[in-house]
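> What shape does this take:
(one chain, ligands or ions: 1)
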Amino acid sequence: MTDSSKKQEKQEDRRKFIVTSTIGASAACALFPFASGIPSVLDPATRDKGNSEVPWTKIAKLSSLPEDGTPTKFEVILAKVRDAWTTYTDIPAGAVYLARKGEEVVAFNLKCPHLGCAIDYRKNSNDYFCPCHNSTFALDGAVTTENSPSPRGMDTMDTKVENGEVWIRFQQFVPNIKEKVPV
Ligand code: FES
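Predicted coordinates:
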């Protein structure tokens with residue numbers, strides 16, 4: 001084999017490798033969307049749905065929430081999420097604060113409406129605080145500072161109490177705009 005035909009063969013091998021790798025990566029993304037960093041495919045809140053179509057997720061027992069309305073943080077685990085190929089179960093989707101109001105419950109997304117940092121509940125001042133750019137919120141979720149970095153109050157979600165269990169329609173919302181718009 002001449003030098004030039006050897007060189008041609010090497011180039012051909014390299015081309016085959018690139019094509020195979022690209023196809024492999026695409027297939028992996030299609031089969032394992034978690035690995036591809038595309039959780040939006042699985043997040044029910046990111047699908048184009050009306051609010052009433054967002055599934056209910058059970059979060060906690062009503063009796064586990066303080067009766068004085070102190071907020072409690074809970075992780076949201078979606079029982080079942082479907083994409084085009086697969087049904088996934090027990091998918092962590094985010095977190096919420098639940099606060100009791102008598103027999104009713106209010107739910108706030110833990111994500112700051114400004115740029116999505118995790119909001120803290122401050123026991124000492126009995127309010128919410130986002131440490132990223134110092135947005136503060138009252139217990140009802142309203143913005144409490146003038147010129148707040150957050151353009152709106154904390155994002156609420158539908159809640160219901162059934163047989164002593166608290167359920168929510170978990171949703172994410174478009175950050176850094178005044179209106180509360182599901183993504
Ligand atoms: S992300 Fe919360 S104040 Fe900026």
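
> Give me the buried positions along the longest strand along the chain.
Longest strand in the chain, counting residues (DSSP state E): strand 87-101. Buried positions in strand 87-101, judged by neighbour count with 16 or more other Cβ atoms under 10 Å: 91, 93-100. From N, CA and C alone the C-beta is placed, and that goes for glycine too.

> And it, how far out from the chain middle?
Remark: strand 87-101 is offset 9 Å from the chain centroid, using Cα atoms, centre = their mean, to the nearest Å.

> on contacts alone, who are the packing partners of it?
strand 57-61, strand 72-82, strand 104-109, strand 165-168 (3 or more Cβ pairs under 8 Å, 6 or more residues apart in numbering; DSSP states H and E).

> What count of nearby residues applies to residue 145?
Residues lying near residue 145 (other Cβ atoms under 10 Å) number 11.

> Am I right that it is in a strand?
No: counting by DSSP: H, G, I helix; E, B strand; the rest coil, residue 145 is not found in a strand; it is coil.

> so which strand or helix has the nearest residue to it once chain neighbours are set aside?
Leaving aside its sequence neighbours, residue 145 sits nearest to residue 136 (Cβ to Cβ, 6 or more residues apart in numbering; 5.2 Å). Using DSSP states H and E, residue 136 sits within strand 135-137.

> May I see the buried residues of that strand?
135-137.

> TSV please, covering those residues and showing pLDDT and distance to residue 87.
Formatted as TSV, those follow (pLDDT from 0 to 100; distance: Cβ to Cβ, whole Å):
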residue	pLDDT	distance to residue 87
135	97	37
136	98	41
137	98	36
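
> what's the closest of these to residue 79?
Proximity of the buried residues of strand 135-137 to residue 79 (Cβ to Cβ) peaks at residue 137, which lies at 29.3 Å.

> so the closest one makes contact with residue 127?
Yes: at 6.4 Å, residue 137 counts as touching residue 127 under the criterion of Cβ atoms under 8 Å.

> intersection of neighbour lists for the two?
residue 144 (Cβ atoms under 8 Å, 6 or more residues apart in numbering).
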